[in-house]
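Chemist: Got a predicted structure plus its sequence, pasted below:
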Amino acid sequence: MGELKNTFSWSFSAANDFEECRRRRYWSKYGMWGGWDSHAPELAQKAYQLNKMDNIYSLRGTAAEMAVMCALRHLQDGEEVTVDAIYQKAARPYLNKCWKESKEKQWRINAKRHCCLREHYYNEWDAQAEKEQTVRAMDHIKMCITNFIERVWPRLTTVKRGDELVIAQPDQGDPEHFTYNGIKIYSIPDYGYHREHQVHIHDWKSGRVRAEHREQLCLYGLWAHTKLDVPPESILAYDEYLAEGKVAVEQLSAGHLDEVRGRIDESVMDMAEYLLDGDIQRNMPLAREEWDLAPDTQICRRCNFFELCRKEIEGE
């Protein structure tokens, strides 16, 4: 197998990291590169481990998405489902597995395969807080399942599995993406399907309603337009806010796609300023010190990479 190359790529999460803290983007894209190899420099190994770290919100979000897809499949098969049954089958085993791996620090063996929760790693919980968080996570996920069954599923009852879009997820190798101006753009909707000459794209959201999610829907539209050759006006995108039982719908247009193209172009230009000679093809980063720390240190204290920047932040 040839040596892996760290190629320039773009996603909304990468752009948001870069905008909030340049240094975080450095660690997650460049500082951690090769850190999966036991022979890599110690700093790269540590950055890789921290880059793989989860937190309670991402963990329960993943569990909620797994539960929703489990419920969807059972409902498509004509089976009766209950919230408790779906939670026990899809969410609880995943949560227990991740919790056990994190508490036992199994990530020391393999950071990619075993969960490490930020709250455990940085000792943010005492015994009472941890107990409260487990109850909150369970209640939150069950609310997501309830709202999916009661509010989302009735809109999907006529969708057949043969109508569904094939969307590569992160656990299936290289996640879903498309190419724009020679750049690999990651865009990973949770669910989608064809219906009456239209494409419908759904994103499961277990958190709060956020205005910036609209841009992400537009990116999904650009993915469908580019990769599936679908006219913009034939794309509908939905943010399904499962915890709140709300939905945000975007009927896309050519203007929406131009808007997201502009966002990508501007973001790529800004990122290129932190590469040698601004060359995204070589994709060689400037020295770590050139990647600015976040101006708000409260952001730093919530960051996975806090350990690596702590001395600079605290002026030691």
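Modeler: Cool, the structure landed.
Chemist: Please, where are all the strands along the chain?
Modeler: Applying DSSP state E to the chain gives strands spanning 9-10, 177-180, 183-186, 191-195, 198-205, 235-241, 246-251.
Chemist: Off-centre distance for stretch 13-33?
Modeler: Centroid separation between stretch 13-33 and its chain, computed with CA atoms, centre = their mean, to the nearest Å, is 14 Å.
Chemist: Please identify the buried residues of it?
Modeler: 14-18, 21-33 (16 or more other CB atoms under 10 Å). Bear in mind the C-beta positions are built from the backbone N, C-alpha and C, glycine included.
Chemist: Let me see the domain layout of this protein.
Modeler: 52-155, 161-270 (automatic domain parsing).
Chemist: ok, residues contacting the lowest-mean-pLDDT helix or strand in the chain?
Modeler: Least confident helix or strand of the chain, by mean pLDDT, DSSP states H and E, is helix 297-301 with a mean of 87. Helix 297-301 is contacted by residues Glu20, Cys21, Leu293, Ala294, Phe306, Cys309, Ile313 when judged by CB atoms under 8 Å, 6 or more residues apart in numbering.
Chemist: from the chain's centre, how far out does that helix sit?
Modeler: Worked out by CA atoms, centre = their mean, helix 297-301 lies 21 Å from the chain centre.
Chemist: which ones are touching the spatially closest residue to Thr179 that is not a sequence neighbour?
Modeler: Distances taken as CB to CB, 6 or more residues apart in numbering place Ile185 nearest to Thr179, at 6.9 Å, with adjacent residues excluded. Applying CB under 8 Å, 6+ apart to Ile185 gives the contacts Ser9, Trp10, Ser11, His177, Phe178, Thr179, Leu219, Leu222, Trp223, Ile264.
Chemist: can you rerun that using 10 Å?
Modeler: Applying CB atoms under 10 Å, 6 or more residues apart in numbering to Ile185 gives the contacts 9-12, 14, 176-179, 219, 222-223, 226, 260, 264, 268.
Chemist: ok, it to Glu289 distance?
Modeler: As judged by CB to CB, to the nearest Å, Ile185 and Glu289 stand 29 Å apart.
Chemist: Same check on Lys160?
Modeler: For Lys160 relative to Glu289 (CB to CB), the value is 55 Å.
Chemist: what residue ranges in the stretch 101-250 of the chain score low on pLDDT?
Modeler: Scanning the stretch 101-250 of the chain for pLDDT under 70 picks out no residues.
Chemist: Mind doing that once more with 80?
Modeler: Within the stretch 101-250 of the chain, the stretches with pLDDT under 80 are 171-173.
Chemist: Nice, that's everything, thank you.
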